[in-house]
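**Q** Below are the sequence and a predicted model for it; my questions follow.
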Amino acid sequence: MLKLAGLLFFFIEKCLSCVYIYPYEFLPSLPILGAELATGGMGNFNQGVCVAPQVYVGEIPTHMILDFAWYCSNDGSVPDLLDCDLTTSNVPFTVSKDKMSNFESCHTILNFDKLIWKMCSWNFTVNEFDLNWNPEISTKFGPSVAFLIRITEWTSELHEYQMMVVPEMMSTFEIQIVENDRPIWLTVLFLESGLRFLKNIQSNPPNPNCSYNFLVMGPAGNDADGDYPYYDPKTYLLNISESEPFVEQFLEVQFYSLEILAKCTPKIVLDTTDKKAPDWYEEKQELCDGTAVVTSQAYYDSDRTPDAAYTLNRNIFCNDEPIDVIVDLIGILDDVPLNITCYDSEKNTINFTQVRKDSTDGYIFWGISSIQFDWKWSTFCPYERFGMAVQKIYKS
(Lines give C-alpha, C1' and ligand atoms only; values in the text may rest on other atoms or scores of the structure.)
Protein backbone atom coordinates (compact mmCIF):
# COMPACT_ATOMS: atom_id res chain seq x y z
CA MET A 1 0.00 0.00 0.00
CA LEU A 2 1.33 3.43 -0.95
CA LYS A 3 0.71 6.13 1.64
CA LEU A 4 1.73 9.71 1.02
CA ALA A 5 2.54 10.49 4.62
CA GLY A 6 4.67 13.51 5.32
CA LEU A 7 8.11 12.18 4.54
CA LEU A 8 10.75 14.27 2.89
CA PHE A 9 14.40 13.33 2.45
CA PHE A 10 16.43 16.52 2.69
CA PHE A 11 19.99 17.62 2.25
CA ILE A 12 20.41 20.82 4.22
CA GLU A 13 23.02 23.51 4.62
CA LYS A 14 23.47 23.41 8.39
CA CYS A 15 26.90 21.81 8.02
CA LEU A 16 29.00 24.63 6.65
CA SER A 17 31.38 22.29 4.81
CA CYS A 18 28.54 20.79 2.80
CA VAL A 19 26.40 21.73 -0.13
CA TYR A 20 22.64 22.06 -0.29
CA ILE A 21 21.00 19.57 -2.61
CA TYR A 22 17.23 19.48 -2.89
CA PRO A 23 15.79 16.33 -4.50
CA TYR A 24 12.40 16.20 -6.16
CA GLU A 25 9.51 15.02 -4.01
CA PHE A 26 10.15 12.19 -1.52
CA LEU A 27 13.20 9.97 -1.23
CA PRO A 28 13.47 7.44 1.62
CA SER A 29 17.01 6.58 0.40
CA LEU A 30 19.68 8.20 -1.72
CA PRO A 31 22.66 6.74 -3.67
CA ILE A 32 25.91 8.69 -4.03
CA LEU A 33 28.87 8.00 -6.32
CA GLY A 34 32.28 8.01 -4.70
CA ALA A 35 33.73 9.54 -7.86
CA GLU A 36 31.54 12.63 -7.42
CA LEU A 37 32.20 12.93 -3.70
CA ALA A 38 35.94 12.65 -4.35
CA THR A 39 36.09 15.25 -7.12
CA GLY A 40 33.47 17.68 -5.88
CA GLY A 41 31.12 16.83 -8.75
CA MET A 42 27.93 16.79 -6.71
CA GLY A 43 25.64 19.52 -7.90
CA ASN A 44 28.61 21.29 -9.51
CA PHE A 45 29.93 22.20 -6.07
CA ASN A 46 33.31 21.30 -4.63
CA GLN A 47 32.19 20.18 -1.19
CA GLY A 48 30.60 17.21 0.53
CA VAL A 49 26.99 16.70 1.49
CA CYS A 50 24.96 17.17 4.64
CA VAL A 51 22.16 14.77 5.36
CA ALA A 52 19.14 15.43 7.55
CA PRO A 53 15.67 13.87 7.35
CA GLN A 54 12.59 16.04 7.70
CA VAL A 55 8.89 15.29 8.16
CA TYR A 56 5.75 17.35 7.69
CA VAL A 57 4.08 15.72 10.69
CA GLY A 58 5.32 13.65 13.62
CA GLU A 59 8.80 13.26 15.03
CA ILE A 60 11.95 13.74 12.98
CA PRO A 61 13.82 10.42 12.59
CA THR A 62 17.05 10.20 14.59
CA HIS A 63 18.60 7.04 13.14
CA MET A 64 20.41 6.80 9.81
CA ILE A 65 22.38 4.16 7.94
CA LEU A 66 25.34 4.82 5.65
CA ASP A 67 26.02 1.86 3.35
CA PHE A 68 29.53 1.95 1.92
CA ALA A 69 30.66 -0.36 -0.90
CA TRP A 70 33.93 -0.63 -2.78
CA TYR A 71 35.90 -2.68 -5.28
CA CYS A 72 39.14 -4.27 -4.12
CA SER A 73 41.62 -6.75 -5.54
CA ASN A 74 42.18 -10.00 -3.71
CA ASP A 75 45.76 -10.27 -4.98
CA GLY A 76 46.61 -6.58 -5.47
CA SER A 77 46.95 -7.02 -9.24
CA VAL A 78 44.33 -4.38 -10.15
CA PRO A 79 45.57 -0.79 -9.68
CA ASP A 80 43.70 2.16 -8.14
CA LEU A 81 41.62 0.06 -5.78
CA LEU A 82 41.28 0.22 -2.02
CA ASP A 83 42.37 -2.58 0.29
CA CYS A 84 39.88 -5.36 0.89
CA ASP A 85 40.38 -5.15 4.66
CA LEU A 86 39.31 -1.63 5.56
CA THR A 87 38.65 -0.36 9.06
CA THR A 88 37.01 2.81 10.28
CA SER A 89 40.47 4.39 10.49
CA ASN A 90 41.35 4.09 6.79
CA VAL A 91 38.08 4.47 4.91
CA PRO A 92 38.12 7.00 2.03
CA PHE A 93 35.47 9.26 3.56
CA THR A 94 34.82 11.23 6.72
CA VAL A 95 31.67 11.87 8.68
CA SER A 96 30.91 14.14 11.62
CA LYS A 97 33.62 13.25 14.10
CA ASP A 98 31.36 12.86 17.09
CA LYS A 99 29.03 10.52 15.21
CA MET A 100 31.33 7.69 14.22
CA SER A 101 30.77 4.07 15.17
CA ASN A 102 32.04 0.69 14.03
CA PHE A 103 31.15 -0.97 10.77
CA GLU A 104 28.38 -3.52 10.88
CA SER A 105 27.14 -6.24 8.54
CA CYS A 106 30.23 -6.30 6.31
CA HIS A 107 30.01 -8.87 3.54
CA THR A 108 31.15 -9.64 0.01
CA ILE A 109 28.41 -9.12 -2.57
CA LEU A 110 30.22 -10.31 -5.70
CA ASN A 111 33.52 -12.02 -6.37
CA PHE A 112 34.87 -11.59 -9.90
CA ASP A 113 38.02 -12.99 -11.43
CA LYS A 114 40.36 -10.53 -9.75
CA LEU A 115 37.85 -8.14 -8.24
CA ILE A 116 35.81 -8.25 -5.06
CA TRP A 117 32.83 -5.98 -4.41
CA LYS A 118 32.35 -5.51 -0.67
CA MET A 119 29.81 -3.60 1.37
CA CYS A 120 29.61 -2.44 4.98
CA SER A 121 27.09 -0.38 6.91
CA TRP A 122 27.55 2.43 9.40
CA ASN A 123 24.77 3.29 11.84
CA PHE A 124 24.19 6.75 13.31
CA THR A 125 21.93 7.97 16.07
CA VAL A 126 21.80 11.60 15.01
CA ASN A 127 19.56 14.26 13.51
CA GLU A 128 22.07 14.98 10.74
CA PHE A 129 25.57 14.18 9.57
CA ASP A 130 27.98 15.40 6.93
CA LEU A 131 29.77 13.16 4.44
CA ASN A 132 33.04 14.21 2.79
CA TRP A 133 35.90 12.58 0.93
CA ASN A 134 38.86 11.84 3.18
CA PRO A 135 41.58 14.34 2.17
CA GLU A 136 44.24 11.81 3.18
CA ILE A 137 43.00 9.32 0.57
CA SER A 138 43.73 9.85 -3.13
CA THR A 139 40.74 10.80 -5.25
CA LYS A 140 41.81 8.11 -7.77
CA PHE A 141 39.88 5.59 -5.66
CA GLY A 142 36.62 7.49 -6.10
CA PRO A 143 35.28 5.55 -9.14
CA SER A 144 35.52 2.27 -7.20
CA VAL A 145 33.36 3.49 -4.28
CA ALA A 146 29.63 4.08 -3.74
CA PHE A 147 27.32 5.08 -0.89
CA LEU A 148 23.66 4.58 -0.06
CA ILE A 149 22.10 6.72 2.65
CA ARG A 150 18.99 5.36 4.35
CA ILE A 151 16.78 6.59 7.16
CA THR A 152 16.47 3.70 9.62
CA GLU A 153 12.86 4.45 10.52
CA TRP A 154 11.99 4.49 6.81
CA THR A 155 13.95 1.34 5.93
CA SER A 156 12.16 -1.97 5.47
CA GLU A 157 13.42 -4.49 8.00
CA LEU A 158 12.22 -7.27 5.72
CA HIS A 159 14.74 -6.42 3.00
CA GLU A 160 18.47 -6.70 2.50
CA TYR A 161 20.01 -3.67 0.77
CA GLN A 162 22.79 -4.00 -1.79
CA MET A 163 24.33 -1.73 -4.40
CA MET A 164 26.63 -2.15 -7.38
CA VAL A 165 28.75 0.28 -9.38
CA VAL A 166 29.04 -0.74 -13.03
CA PRO A 167 32.70 -0.34 -14.10
CA GLU A 168 33.14 1.84 -17.17
CA MET A 169 35.69 -0.49 -18.72
CA MET A 170 33.10 -3.26 -19.11
CA SER A 171 30.75 -2.90 -22.09
CA THR A 172 28.72 -5.87 -20.81
CA PHE A 173 28.26 -6.39 -17.09
CA GLU A 174 26.55 -9.35 -15.43
CA ILE A 175 25.31 -9.54 -11.85
CA GLN A 176 24.38 -12.98 -10.54
CA ILE A 177 22.06 -12.75 -7.56
CA VAL A 178 22.68 -15.40 -4.90
CA GLU A 179 19.65 -17.02 -3.28
CA ASN A 180 18.53 -15.14 -0.18
CA ASP A 181 15.82 -15.87 2.36
CA ARG A 182 15.00 -12.15 2.38
CA PRO A 183 13.95 -9.92 -0.52
CA ILE A 184 16.74 -7.67 -1.82
CA TRP A 185 16.80 -4.06 -2.94
CA LEU A 186 19.67 -3.76 -5.42
CA THR A 187 20.74 -0.25 -6.46
CA VAL A 188 22.76 -0.07 -9.69
CA LEU A 189 24.96 3.00 -10.19
CA PHE A 190 26.54 4.10 -13.48
CA LEU A 191 29.65 6.28 -13.25
CA GLU A 192 28.90 8.44 -16.27
CA SER A 193 25.85 9.67 -18.12
CA GLY A 194 25.03 7.92 -21.38
CA LEU A 195 22.89 5.18 -22.86
CA ARG A 196 22.84 1.68 -21.39
CA PHE A 197 20.55 -1.28 -21.77
CA LEU A 198 18.96 -3.75 -19.40
CA LYS A 199 19.44 -6.75 -21.67
CA ASN A 200 17.93 -9.38 -19.42
CA ILE A 201 16.95 -10.31 -15.88
CA GLN A 202 16.10 -13.98 -15.55
CA SER A 203 16.72 -17.03 -13.41
CA ASN A 204 18.14 -20.26 -14.80
CA PRO A 205 15.83 -22.03 -15.34
CA PRO A 206 13.24 -19.24 -15.58
CA ASN A 207 11.07 -18.91 -12.48
CA PRO A 208 7.53 -17.66 -13.25
CA ASN A 209 7.09 -16.81 -9.57
CA CYS A 210 9.84 -14.18 -9.72
CA SER A 211 9.15 -10.58 -10.66
CA TYR A 212 11.07 -7.37 -10.10
CA ASN A 213 9.94 -3.84 -9.29
CA PHE A 214 12.09 -1.39 -11.24
CA LEU A 215 12.61 2.19 -10.00
CA VAL A 216 14.84 5.16 -10.77
CA MET A 217 17.08 6.44 -7.96
CA GLY A 218 17.19 4.63 -4.60
CA PRO A 219 15.02 1.83 -3.24
CA ALA A 220 11.62 2.17 -1.64
CA GLY A 221 11.16 2.26 2.12
CA ASN A 222 8.53 2.60 4.82
CA ASP A 223 6.33 5.63 5.33
CA ALA A 224 5.94 7.54 8.61
CA ASP A 225 3.45 4.94 9.84
CA GLY A 226 5.78 2.05 9.08
CA ASP A 227 3.82 0.82 6.06
CA TYR A 228 5.70 -0.63 3.07
CA PRO A 229 6.31 0.14 0.24
CA TYR A 230 6.87 3.89 0.24
CA TYR A 231 8.24 5.80 -2.77
CA ASP A 232 7.33 8.70 -4.98
CA PRO A 233 5.10 7.28 -7.75
CA LYS A 234 7.15 9.26 -10.28
CA THR A 235 10.12 6.97 -9.56
CA TYR A 236 8.30 3.71 -10.30
CA LEU A 237 8.94 2.43 -13.83
CA LEU A 238 7.42 -1.03 -14.15
CA ASN A 239 7.29 -4.60 -12.85
CA ILE A 240 9.34 -7.13 -14.80
CA SER A 241 8.00 -10.68 -14.52
CA GLU A 242 9.79 -13.85 -15.55
CA SER A 243 6.38 -15.25 -16.52
CA GLU A 244 6.37 -12.89 -19.53
CA PRO A 245 8.82 -12.47 -22.44
CA PHE A 246 11.58 -10.04 -21.46
CA VAL A 247 11.68 -6.64 -23.16
CA GLU A 248 15.01 -4.84 -23.42
CA GLN A 249 14.94 -1.52 -21.56
CA PHE A 250 16.86 1.62 -22.54
CA LEU A 251 18.55 3.26 -19.53
CA GLU A 252 19.39 6.98 -19.55
CA VAL A 253 19.44 7.66 -15.80
CA GLN A 254 22.53 6.97 -13.66
CA PHE A 255 20.78 5.30 -10.70
CA TYR A 256 18.25 2.47 -10.76
CA SER A 257 16.91 0.10 -8.11
CA LEU A 258 15.48 -3.41 -8.47
CA GLU A 259 13.44 -5.25 -5.85
CA ILE A 260 14.30 -8.96 -5.99
CA LEU A 261 11.94 -11.35 -4.23
CA ALA A 262 13.23 -13.87 -1.69
CA LYS A 263 14.55 -17.12 -3.20
CA CYS A 264 14.85 -15.56 -6.68
CA THR A 265 18.28 -15.89 -8.29
CA PRO A 266 18.27 -13.93 -11.55
CA LYS A 267 21.24 -13.00 -13.66
CA ILE A 268 21.08 -9.28 -14.50
CA VAL A 269 22.73 -8.39 -17.81
CA LEU A 270 23.62 -4.75 -18.55
CA ASP A 271 25.12 -3.44 -21.76
CA THR A 272 26.26 -0.08 -23.08
CA THR A 273 26.10 1.53 -26.49
CA ASP A 274 29.29 1.95 -28.50
CA LYS A 275 28.00 5.29 -29.79
CA LYS A 276 29.17 8.62 -28.39
CA ALA A 277 27.01 11.66 -27.79
CA PRO A 278 25.21 13.07 -29.73
CA ASP A 279 24.96 9.96 -31.95
CA TRP A 280 23.28 7.85 -29.29
CA TYR A 281 20.48 10.38 -28.77
CA GLU A 282 18.70 8.90 -31.80
CA GLU A 283 17.30 5.67 -30.39
CA LYS A 284 15.37 2.98 -32.25
CA GLN A 285 13.70 0.00 -30.63
CA GLU A 286 11.77 -2.76 -32.38
CA LEU A 287 8.91 -3.97 -30.21
CA CYS A 288 5.71 -5.68 -31.32
CA ASP A 289 4.45 -6.91 -27.94
CA GLY A 290 5.39 -5.88 -24.41
CA THR A 291 6.22 -2.82 -22.32
CA ALA A 292 9.10 -0.38 -22.87
CA VAL A 293 10.15 2.53 -20.67
CA VAL A 294 11.12 5.93 -22.06
CA THR A 295 12.87 8.49 -19.86
CA SER A 296 14.96 11.55 -20.47
CA GLN A 297 18.55 11.74 -19.39
CA ALA A 298 18.82 12.62 -15.67
CA TYR A 299 15.11 12.14 -15.00
CA TYR A 300 14.19 12.72 -11.31
CA ASP A 301 17.84 13.39 -10.45
CA SER A 302 18.08 16.85 -8.94
CA ASP A 303 21.87 16.62 -8.74
CA ARG A 304 22.41 16.19 -12.48
CA THR A 305 21.36 17.81 -15.72
CA PRO A 306 21.26 16.34 -19.23
CA ASP A 307 24.11 17.01 -21.65
CA ALA A 308 23.94 20.53 -23.06
CA ALA A 309 23.10 19.21 -26.53
CA TYR A 310 20.83 16.42 -25.29
CA THR A 311 17.57 15.68 -27.06
CA LEU A 312 15.28 12.71 -26.53
CA ASN A 313 14.61 10.99 -29.86
CA ARG A 314 13.11 7.53 -29.31
CA ASN A 315 11.36 5.59 -32.05
CA ILE A 316 9.54 2.35 -31.19
CA PHE A 317 8.41 0.36 -34.23
CA CYS A 318 7.07 -2.99 -35.40
CA ASN A 319 7.78 -4.12 -38.96
CA ASP A 320 5.64 -7.27 -38.79
CA GLU A 321 2.16 -5.76 -38.59
CA PRO A 322 0.28 -2.77 -37.14
CA ILE A 323 0.33 -2.38 -33.37
CA ASP A 324 -1.84 -0.75 -30.73
CA VAL A 325 0.02 1.41 -28.23
CA ILE A 326 -1.06 2.54 -24.77
CA VAL A 327 1.03 5.39 -23.36
CA ASP A 328 0.84 5.76 -19.57
CA LEU A 329 2.48 8.96 -18.37
CA ILE A 330 4.22 8.52 -15.03
CA GLY A 331 5.73 11.97 -14.64
CA ILE A 332 6.65 15.11 -16.53
CA LEU A 333 8.66 17.44 -14.35
CA ASP A 334 9.03 20.46 -16.62
CA ASP A 335 7.20 22.85 -18.91
CA VAL A 336 9.01 21.77 -22.06
CA PRO A 337 6.50 19.77 -24.13
CA LEU A 338 6.89 16.13 -25.06
CA ASN A 339 5.91 15.45 -28.67
CA ILE A 340 4.39 12.07 -29.57
CA THR A 341 4.05 11.27 -33.27
CA CYS A 342 2.52 8.12 -34.76
CA TYR A 343 3.26 6.80 -38.26
CA ASP A 344 1.80 4.22 -40.59
CA SER A 345 3.81 1.68 -42.57
CA GLU A 346 4.47 4.28 -45.29
CA LYS A 347 5.97 6.70 -42.73
CA ASN A 348 2.97 9.01 -43.01
CA THR A 349 2.03 10.92 -39.87
CA ILE A 350 -1.35 9.72 -38.63
CA ASN A 351 -1.39 11.34 -35.18
CA PHE A 352 0.49 14.12 -33.37
CA THR A 353 0.08 14.78 -29.64
CA GLN A 354 1.85 17.34 -27.46
CA VAL A 355 2.03 16.64 -23.72
CA ARG A 356 2.96 19.16 -21.03
CA LYS A 357 3.81 19.19 -17.34
CA ASP A 358 1.54 17.50 -14.79
CA SER A 359 -0.50 15.70 -17.40
CA THR A 360 -2.00 12.52 -15.98
CA ASP A 361 -3.78 11.48 -19.13
CA GLY A 362 -3.22 8.17 -20.82
CA TYR A 363 -3.16 7.82 -24.60
CA ILE A 364 -4.16 4.98 -26.91
CA PHE A 365 -3.06 4.80 -30.53
CA TRP A 366 -4.61 2.11 -32.72
CA GLY A 367 -3.19 0.35 -35.78
CA ILE A 368 0.12 2.21 -36.13
CA SER A 369 3.53 1.02 -37.33
CA SER A 370 5.75 3.24 -35.17
CA ILE A 371 5.60 5.84 -32.42
CA GLN A 372 8.12 8.64 -31.98
CA PHE A 373 8.95 10.55 -28.77
CA ASP A 374 10.77 13.88 -29.08
CA TRP A 375 11.84 16.22 -26.29
CA LYS A 376 14.54 18.92 -26.29
CA TRP A 377 16.09 19.91 -23.01
CA SER A 378 16.45 23.66 -22.52
CA THR A 379 19.63 24.89 -20.89
CA PHE A 380 17.66 27.97 -19.85
CA CYS A 381 15.70 25.74 -17.48
CA PRO A 382 18.52 23.69 -15.91
CA TYR A 383 16.34 21.80 -13.42
CA GLU A 384 13.67 20.72 -15.85
CA ARG A 385 13.41 17.10 -16.98
CA PHE A 386 11.08 15.21 -19.23
CA GLY A 387 9.50 12.62 -17.00
CA MET A 388 8.69 9.28 -18.47
CA ALA A 389 6.16 7.31 -20.39
CA VAL A 390 5.48 3.61 -20.30
CA GLN A 391 4.40 2.13 -23.60
CA LYS A 392 2.28 -0.99 -23.54
CA ILE A 393 2.60 -2.35 -27.04
CA TYR A 394 0.10 -4.84 -28.43
CA LYS A 395 -0.34 -6.33 -31.87
CA SER A 396 -3.51 -5.04 -33.53
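**A** Yes, it's here.

**Q** Helix, strand, or coil at the residue lying farthest from the centre of the chain?
**A** Distance from the centre of the chain peaks at Glu346, with 37.7 Å (C-alpha atoms, centre = their mean). Using DSSP: H, G, I helix; E, B strand; the rest coil, the structure places Glu346 in coil.

**Q** oh, and call the first residue 11 from now on, that's how I've got it
**A** New numbering, starting at 11: the last item is Glu356.

**Q** For Val176, which non-adjacent residue is spatially closest?
**A** Setting aside the residues directly before and after it, Val176 is nearest to Phe183 in space (C-beta to C-beta, 6 or more residues apart in numbering), at 5.0 Å. Heads up, the C-betas are built off the backbone N, CA and C, glycines and all.

**Q** oh, I was asking about Gln364
**A** Nearest to Gln364 is Pro347, by C-beta to C-beta, 6+ apart, at 4.8 Å.

**Q** cool, and Ser83?
**A** In space, and not counting its chain neighbours, Ser83 is closest to Leu91: 5.1 Å by C-beta to C-beta, 6+ apart.

**Q** ditto for Glu114
**A** Nearest non-adjacent residue to Glu114, counting by C-beta to C-beta, 6+ apart: Ser131, 5.1 Å away.

**Q** Let me see the confidence value for that neighbour.
**A** Here, the pLDDT recorded for Ser131 equals 89.

**Q** Am I right that it sits in a strand?
**A** Yes - under three-state DSSP, Ser131 falls within a strand.

**Q** list the helices and strands the strand or helix carrying Asp77 packs on?
**A** Assigned by DSSP states H and E, Asp77 belongs to strand 73-83. Judged by 3 or more C-beta pairs under 8 Å, 6 or more residues apart in numbering; DSSP states H and E, strand 73-83 is in contact with strand 125-135, strand 139-143, strand 155-161, strand 170-176.

**Q** what comes into contact with the helix or strand following that strand?
**A** Toward the C-terminus, strand 73-83 is succeeded by strand 103-105 as the next helix or strand (DSSP H and E). Outside strand 103-105, the residues within contact range by C-beta atoms under 8 Å, 6 or more residues apart in numbering are 44, 47, 76, 78, 132, 134, 139-144, 155, 157.

**Q** let's see 7 Å
**A** For strand 103-105, the surrounding residues in contact (C-beta atoms under 7 Å, 6 or more residues apart in numbering) are Leu47, Phe139, Asp140, Leu141, Asn142, Trp143, Asn144.

**Q** any idea how far His73 is from the fifth one?
**A** Using C-beta to C-beta, to the nearest Å, Asn142 is found at 21 Å from His73.

**Q** doesn't Phe383 make contact with the residue nearest to Gln364?
**A** No - using C-beta atoms under 7 Å, Pro347 is not in contact with Phe383, being 11.3 Å away.

**Q** which of the two has more neighbours?
**A** More crowded of Pro347 and Phe383, by other C-beta atoms under 10 Å: Phe383, with 21 against 17.

**Q** Name the SS class of the more buried one, please.
**A** Following three-state DSSP, the label given to Phe383 is strand.

**Q** Surely it touches Ser306?
**A** No - counting by C-beta under 7 Å, Phe383 does not reach Ser306; the two are 9.5 Å apart.

**Q** quick one: the residue nearest to Gln364 from Leu280, how far?
**A** Pro347 sits 31 Å away from Leu280, going by C-beta to C-beta.

**Q** Ala45 now?
**A** Counting by C-beta to C-beta - Ala45 and Leu280 are separated by 18 Å.

**Q** rewinding a little: show me just the buried residues among the contacts of strand 103-105.
**A** Leu47, Phe139, Asp140, Leu141, Asn142, Trp143 (16 or more other C-beta atoms under 10 Å).

**Q** can you redo those residues as TSV with distance to Leu322 and pLDDT?
**A** Below are those laid out as TSV (distance: C-beta to C-beta, whole Å; pLDDT from 0 to 100):
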residue	distance to Leu322	pLDDT
Leu47	29	89
Phe139	37	77
Asp140	36	81
Leu141	33	85
Asn142	35	85
Trp143	33	88
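
**Q** Of those, just say which sits nearest to Val175.
**A** Ranked by distance to Val175 (C-beta to C-beta), those are led by Leu47 at 12.6 Å.

**Q** which SS class is the closest one?
**A** Assignment for Leu47 (three-state DSSP): helix.

**Q** Could you find the closest non-adjacent residue to it?
**A** Nearest non-adjacent residue to Leu47 (C-beta to C-beta, 6+ apart): Trp143, at 5.0 Å.

**Q** what residues are up against that neighbour?
**A** Counted by C-beta under 7 Å, 6+ apart, Trp143 has contacts Leu47, Ala48, Gly58, Pro102, Phe103, Thr149.

**Q** among those, which one has the lowest pLDDT?
**A** Within those, Gly58 has the lowest pLDDT, namely 75.

**Q** Would you mind confirming that it is in contact with Asn144?
**A** No - in this structure, Gly58 is not within contact of Asn144 by C-beta under 7 Å, at 10.4 Å.

**Q** shaky segments in the stretch 261-406 of the chain?
**A** Applying pLDDT under 70 to the stretch 261-406 of the chain picks out residues 343-345, 367-371, 388-406.

**Q** need the contact list for Gly152.
**A** By C-beta under 7 Å, 6+ apart, Gly152 lies in contact with Gly44, Ala45, Leu47, Ala48, Thr49.

**Q** could you redo the last one with a cut-off of 6 Å?
**A** Gly44, Ala45, Ala48 (C-beta atoms under 6 Å, 6 or more residues apart in numbering).

**Q** Could you grab the helix/strand/coil label for it?
**A** Under three-state DSSP, the three-state class of Gly152 is helix.

**Q** Now do it, the pLDDT please.
**A** Gly152 carries a pLDDT value of 92.

**Q** nearest spatial neighbour of it, skipping sequence neighbours?
**A** Spatial nearest neighbour of Gly152, excluding adjacent residues (C-beta to C-beta, 6+ apart): Ala48 at 3.0 Å.

**Q** pLDDT at Phe113, what is it?
**A** Looking at Phe113, its pLDDT is 71.

**Q** Spatially, what comes nearest to it if we skip its sequence neighbours?
**A** Distances taken as C-beta to C-beta, 6+ apart place Cys130 nearest to Phe113, at 4.2 Å, with adjacent residues excluded.

**Q** Understood, closing this out.
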